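**Q** Sharing a model that was predicted from the sequence below.
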Protein chains: 2
Amino acid sequence: MSVGIRDVARAAGVSTATVSRALGRGPVSEALRQQVEAAVRATGYRPNLSARRLRSQSTQTIGLIVADIRNPFFTAVSRAVEDAAYAAGMRVILCNTDEDPDREALYLRLMEEERVTGLIFAPTRVTAEAMKAGDLDVPAVLIDRAGPPGAHDSVVLDNVAAAAQLAEHLWAQGYRRIGGLFGATSSTAQERQAGYEGALRRVGAEPLARVAAPNAAAAEAILVEWLAGDDRPDALVLSNGLMLMGAVRAARRLGLAAPGSLGLAGFDNEPWSDLVEPGLTVIEQPVAEIGAQAMALLFDRLKAPDQPVRKVTLSGRLIVRGSSRRA
Amino acid sequence: MSVGIRDVARAAGVSTATVSRALGRGPVSEALRQQVEAAVRATGYRPNLSARRLRSQSTQTIGLIVADIRNPFFTAVSRAVEDAAYAAGMRVILCNTDEDPDREALYLRLMEEERVTGLIFAPTRVTAEAMKAGDLDVPAVLIDRAGPPGAHDSVVLDNVAAAAQLAEHLWAQGYRRIGGLFGATSSTAQERQAGYEGALRRVGAEPLARVAAPNAAAAEAILVEWLAGDDRPDALVLSNGLMLMGAVRAARRLGLAAPGSLGLAGFDNEPWSDLVEPGLTVIEQPVAEIGAQAMALLFDRLKAPDQPVRKVTLSGRLIVRGSSRRA
DNA sequence: GCAACTAATGAAAACGTTTTCACAGATCCT
DNA sequence: AGGATCTGTGAAAACGTTTTCATTAGTTGC
């Protein structure tokens, strides 16, 4: 049927061991290496990776578990992870959990069965809080959302500082009733809320925070109601790119699109953030860097499994555009 | 070390064959099945998927090869593919080619080595044209871009009709010098160009088509030059979402943002398409349907390998917004 | 010149499953 | 009642590699 290493060995007049060594990095004489390579070409041999993985006990595969690849933040991070993985001769298996802890548990088990070499995981708050050191029997790096300190390597944004920066910026623009809408499922959203509240208290303002599912539709629904009420804020901090989009929609539905009528500032700079009039003021996350750093941490951990747990905190960059300007 | 099926067998007091059957779908008495399940729980056994794949000669893995997961079209399609795959107990390996034929060849070989059960592939024009029936030894479905008729199953948009619809719409709005900018690497872009040119000729207008790399930066650069010249068009058809974004940028840079000063119509409806003032007129592709149909074709092909090649053509839907309105 | 090492190679074991094969016992048909 | 057919089970082979182990030939050191 399919051509295997035995066929190559026969064609080259050597043993299977020699073929294996010639294709990998064993000690093989130059002459035989040539013969083997010729035989490989002649037979059209393709190594069977399942067999290789079984025997070598190394899958060269990394698992990537995120909430939803359609969230532009995860899209960008995953691309960076994949680039790093393929550059290192590894493959990536991607799973979407939709922020559902049950699916997280399911996929974690699947990753164990895959015997993945390493895992990159953006857990919900529920799952993250339950995670202990040595919990997973796979080396793991948490991204975007860290668990309890010391449990796992992680790479996160300085969410407190970033959210504070947004709130302070809106305050400096002259807004005085600055509301905030934050995601319900991630530790990241909690940290952003804390940063927002701290900044407002520091300037003597009252925080007005609400919580919603971290998607555009939920944010829009809540905000349409909130912004129509008497206690409506004159500016908003949004906890991620999807919720910021929901806020823009809500503002337009209520006729609050004019600059200054509702200040908006949020997270995630996207290719279209400057095209939405009058431009969205956002914290830009270093998405490529997050993915690359996660892979770097993972590789370090594989090399030195017992080194102390590391947490890499990256800073966001405030990009001021028209949505936070005051009339 | 790690617990294997032998350990489970010993704990349950049965043979490994019985454990395998109890976990799969072999004929096992209810009593033994219970014992095995208890033993699995007691030992914390996780089947080794590499071993399973090797022995069963079935990887339950599908390969997904696209240009760039950050292109929102591919993001959405890939999510649909993954949902269908995991629902069927399969895994997905994703590869980004960046429209590079060399990387396409590399990843195709990789997929063969993985012994993927099936392949979903969006090839560049170069690669697609070179593909023959029986070329790949893996069942494959081409998406977005089809190869030579009869070579492989495929699911594509009716690009000719969709592009014609855009051109006709702009004509009906009163635009008379309707330009077009199309991608250079995909058969899809060629078909869209043909549809655009056909529609214009039908109404007696002269097509003004140009070609560029299918990304926002390249489109913007070309258009800034084109729109500044004497022969500038008064409306544009753009060949995909990224190029449409480039067109919006170019128009703004040249002060052509006012409604009616430059009509714009393109492909790919995205969550923010209505937020970019005055709203982008686009052909919406049924992205989820494309992914789901591709998986359906693939499963059918796996069940009946010798059935005739099928091509599923889906229709786009014109969404008219402000960008194509005339002053 | 001979022991001791080194390098290259092949035979065979090993990786952890599923599947084949054989067999024992139960059930069925005339 | 006696073969034929089914059902559940275990022993062992098989999947296609890599790796261990032994062996040979070649080199070095004294």
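**A** The structure has been received and is ready for your questions.
**Q** got a pLDDT number for the residue in the stretch 51-200 of chain A that DNA strand C sits nearest to?
**A** Of the stretch 51-200 of chain A, the residue with the smallest distance to DNA strand C, taken as C-beta to the nearest atom of the strand, is A:Arg55 at 3.3 Å. Where you see a C-beta, it was placed from the backbone N, CA and C, and this is true even at glycine. At A:Arg55, the pLDDT value in this model is 97.
**Q** Checking my notes, it in a helix, right?
**A** Yes: when DSSP: H, G, I helix; E, B strand; the rest coil is applied, A:Arg55 is found to be in a helix.
**Q** tell me which parts of chain A are close to DNA strand C?
**A** Within chain A, the positions near DNA strand C by C-beta under 7 Å from any atom of the strand are A:13-18, A:21, A:26-29, A:31-32, A:51, A:54-55, A:57.
**Q** Of the residues you listed, which are in range of chain B?
**A** Among these, proximity to chain B is found for A:Ala51, A:Leu54 (C-beta under 8 Å from any C-beta of the partner chain).
**Q** Show me how to select, in ChimeraX, the buried members of the residues of chain A next to DNA strand C.
**A** The ChimeraX selection below is limited to those of the residues of chain A next to DNA strand C classed as buried (16 or more other C-beta atoms under 10 Å in any protein chain shown):
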select /A:14,18,21,28,32,51,54
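**Q** Out of the residues of chain A next to DNA strand C, list just those in helices.
**A** A:Thr16, A:Ala17, A:Thr18, A:Arg21, A:Ala31, A:Leu32, A:Ala51, A:Leu54, A:Arg55 (DSSP state H).
**Q** Considering only the residues you listed, which also neighbour DNA strand D?
**A** Within those, those near DNA strand D by C-beta under 7 Å from any atom of the strand are A:Thr16, A:Ala17, A:Arg21, A:Ala51, A:Leu54, A:Arg55.
**Q** For the spatially closest residue to A:Ser58 that is not a sequence neighbour, give its distance to A:Ser56.
**A** Here the nearest residue to A:Ser58 in space, its sequence neighbours aside, is A:Thr117; by C-beta to C-beta, 6 or more residues apart in numbering or on different chains that works out to 6.7 Å. A:Thr117 sits 11 Å away from A:Ser56, taking C-beta to C-beta, to the nearest Å as the criterion.
**Q** So between these two, which is more surrounded?
**A** More neighbours sit around A:Thr117 than around the other of A:Thr117 and A:Ser56, counting by other C-beta atoms under 10 Å in any protein chain shown; the figures are 21 against 11.
**Q** Now do the phi/psi pair for that one.
**A** With angles defined as degrees, to the nearest 10, A:Thr117 sits at phi -70, psi -40.
**Q** quick one: contacts for it?
**A** Contact analysis of A:Thr117 by C-beta atoms under 8 Å, 6 or more residues apart in numbering or on different chains lists A:Ser58, A:Thr59, A:Gln60, A:Thr61, A:Ile62, A:Met90, A:Val138, A:Pro139, A:Leu302.
**Q** cool, and A:Ala128?
**A** Going by C-beta under 8 Å, 6+ apart, A:Ala128 touches A:Leu142, A:Arg145, A:Ala146, A:Gly147, A:Pro148, A:Ser187.
**Q** of these, buried ones?
**A** The neighbour-count criterion (16+ other C-beta under 10 Å) marks A:Leu142, A:Arg145, A:Ala146, A:Gly147, A:Ser187 among these as buried.
**Q** just the ones next to DNA strand D among the ones in helices among the residues of chain A next to DNA strand C now: which is nearest B:Ala133?
**A** Checking these against B:Ala133 with C-beta to C-beta, the nearest one is A:Ala51 at 28.8 Å.
**Q** my read: that closest one touches B:Leu54, true?
**A** Yes: here A:Ala51 lies in contact with B:Leu54, judged by C-beta atoms under 8 Å, at a distance of 5.0 Å.
**Q** Below-threshold pLDDT in chain A: ranges please.
**A** Across chain A, the ranges flagged by pLDDT under 70 are A:1.
**Q** That one against DNA strand D: which residues are in contact?
**A** Near DNA strand D, when you scan chain A using C-beta under 7 Å from any atom of the strand, you find A:1-2, A:4-6, A:16-17, A:19-21, A:23-24, A:26, A:45-48, A:51-52, A:54-56.
**Q** Please repeat the previous calculation with a cut-off of 6 Å.
**A** A:2, A:4-6, A:16-17, A:20-21, A:23-24, A:47-48, A:51-52, A:54-56 (C-beta under 6 Å from any atom of the strand).
**Q** all helices of the stretch 201-327 of chain A, in order?
**A** A:216-228, A:241-253, A:287-303 (DSSP state H, counting those that start in this stretch).
**Q** Turn those into JSON lines, columns for mean neighbour count.
**A** What follows is these, written out as JSON lines (neighbours: other C-beta atoms under 10 Å in any protein chain shown):
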{"stretch": "helix A:216-228", "mean neighbour count": "19"}
{"stretch": "helix A:241-253", "mean neighbour count": "24"}
{"stretch": "helix A:287-303", "mean neighbour count": "19"}
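**Q** In strands, which of the contacts of A:Ala128 fall?
**A** Where these overlap with strands, as defined by DSSP state E, the overlap consists of A:Leu142.
**Q** Which ones among the contacts of A:Ala128 map onto helices?
**A** Here DSSP H is the test, and those give A:Ser187 as lying in helices.
**Q** Could you point out which of the contacts of A:Ala128 is nearest to B:Ala228?
**A** Distances from B:Ala228 to those, taken as C-beta to C-beta, are shortest for A:Arg145 (46.9 Å).
**Q** follow-up on the earlier one: now intersect the contacts of A:Thr117 with the helices, please.
**A** Among those, the members that lie in helices (by DSSP H) are A:Leu302.
**Q** For PyMOL, what selects the buried ones among the contacts of A:Thr117?
**A** Buried members of the contacts of A:Thr117, defined by 16+ other C-beta under 10 Å, are picked up in PyMOL with:
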select buried, chain A and resi 59+60+61+62+90+138+139
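**Q** Looking at the contacts of A:Thr117, which is nearest chain B?
**A** A:Thr59 (6.4 Å; C-beta to the nearest C-beta).
**Q** give the contact list for that closest one.
**A** Residues near A:Thr59 by C-beta under 8 Å, 6+ apart: A:Arg53, A:Glu114, A:Arg115, A:Val116, A:Thr117, B:Ser50.
**Q** Could you identify the most distant pair in those?
**A** Farthest pair in those (C-beta to C-beta) is A:Thr117 and B:Ser50. Separation: 11.8 Å.
**Q** Mind putting the buried ones among the contacts of A:Ala128 into JSON lines with distance to chain B?
**A** JSON lines is the format used below for the buried ones among the contacts of A:Ala128 (distance: C-beta to the nearest C-beta, whole Å):
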{"residue": "A:Leu142", "distance to chain B": "21"}
{"residue": "A:Arg145", "distance to chain B": "20"}
{"residue": "A:Ala146", "distance to chain B": "25"}
{"residue": "A:Gly147", "distance to chain B": "22"}
{"residue": "A:Ser187", "distance to chain B": "24"}
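**Q** Which of the residues you listed sits closest to A:Ala85?
**A** A:Leu142 (17.1 Å).
**Q** hang on, the closest one packs against A:Ala122?
**A** Yes: the criterion here is C-beta under 8 Å, and A:Leu142 meets it with A:Ala122 at 7.1 Å.
**Q** that older thread, I'd like the helices of the stretch 201-327 of chain A written out as JSON lines, with distance to chain B added.
**A** Conversion of the helices of the stretch 201-327 of chain A to JSON lines gives the following (distance: least, C-beta to the nearest C-beta, whole Å):
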{"stretch": "helix A:216-228", "distance to chain B": "7"}
{"stretch": "helix A:241-253", "distance to chain B": "6"}
{"stretch": "helix A:287-303", "distance to chain B": "10"}
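**Q** Same list (those helices) but as CSV, adding distance to A:Gly134.
**A** Written out in CSV, the entries for the helices of the stretch 201-327 of chain A read as follows (distance: least, C-beta to C-beta, whole Å):
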stretch, distance to A:Gly134
helix A:216-228, 36
helix A:241-253, 34
helix A:287-303, 13
